[in-house]
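*Asks:* the following block contains a protein sequence and its predicted model.
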Amino acid sequence: MARKSPARPSRTQRRTLAIYVLNGPNLNLLGVREPEVYGRMTLAEIGRAVAARARTHGLEVIFRQSNHEGELVDWIQEARTRSCGVILNAGAYTHTSVAIHDALRALDRPLIEVHLSTPYTREPFRHHSYVSPVATGVICGLKDTGYLLAVDALASLLKDQTA
Ligand code: DQA
């Protein structure tokens, strides 16, 4: 069945609501964790680059990371009313979490799924995503650049919605 289009933020909401960029387990170890797979940038560096890119589109960013599934669910629920869109790298929860899938189904905002690596060419247990069926788009395999492209994609979707 076709997925319902996300709610249209009004022009004012687009100006005042932030993009939520949410990161799941172990992404706090970026820079030291398997750099050949995930790149050498730390999460803090990615956060700064994302905020700078978002500013070029006139957008604010709330950038967070948690190792806890329930905390990510709480933030996704918060994003229903406080964000104009979400960028999510759910880390390993991508492949396991029905709770995150359900929270995202209720999000009603544009959602870009991001992965630094390409899970679909790695171990079989990474081939299924509980995020993809409810994502507006998926970006993977481009390391930290994927986050910046996700900001551009979200900005473009938001502009289309408010045009
Ligand atoms: C990841 C891919 C996941 O399979 C893995 O568990 C991660 C990072 C990525 O960004 O490539 O923690 O989401």
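*Replies:* Sure thing, it's come through. Numbers count the residues shown, from 1 in each chain.
*Asks:* got the contact list for Ser97?
*Replies:* Applying Cβ atoms under 8 Å, 6 or more residues apart in numbering, we find Ser97 in contact with Glu69, Leu72, Ala90, Tyr130. Bear in mind the C-beta positions are built from the backbone N, C-alpha and C, glycine included.
*Asks:* okay, and which of these map to helices?
*Replies:* Of the contacts of Ser97, the ones assigned to helices by DSSP state H are Glu69, Leu72.
*Asks:* what is the nearest of the contacts of Ser97 to the ligand?
*Replies:* Ranked by distance to the ligand (Cβ to the nearest ligand atom), the contacts of Ser97 are led by Ala90 at 6.7 Å.
*Asks:* could you dump the contacts of Ser97 to CSV with distance to Leu43?
*Replies:* Converted to CSV, those look like this (distance: Cβ to Cβ, whole Å):
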residue, distance to Leu43
Glu69, 18
Leu72, 15
Ala90, 14
Tyr130, 22
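*Asks:* among the contacts of Ser97, name the buried ones.
*Replies:* When burial is judged by neighbour count using 16 or more other Cβ atoms under 10 Å, the buried members of these are Glu69, Leu72, Ala90, Tyr130.
*Asks:* for the longest helix along the chain, list every residue counted as buried.
*Replies:* Across the chain, the longest stretch assigned as helix under DSSP H is helix 145-162. For helix 145-162, the neighbour count (16+ other Cβ under 10 Å) marks Gly146, Tyr147, Leu148, Leu149, Ala150, Val151, Ala153, Leu154, Ala155, Leu157, Leu158, Gln161 as buried.
*Asks:* same thing with stretch 75-88?
*Replies:* Using 16+ other Cβ under 10 Å as the burial criterion, the residues of stretch 75-88 that qualify are Trp75, Ile76, Ala79, Ser83, Cys84, Gly85, Val86, Ile87, Leu88.
*Asks:* just those residues: which are in helices?
*Replies:* Mapping these onto helices (DSSP H) picks out Trp75, Ile76, Ala79.
*Asks:* give me every residue that touches the first one.
*Replies:* Under the criterion of Cβ under 8 Å, 6+ apart, the neighbours of Trp75 are Tyr20, Leu22, Arg64, Ser66.
*Asks:* switch to 6 Å and redo it
*Replies:* Shown in contact with Trp75 (Cβ atoms under 6 Å, 6 or more residues apart in numbering): Leu22.
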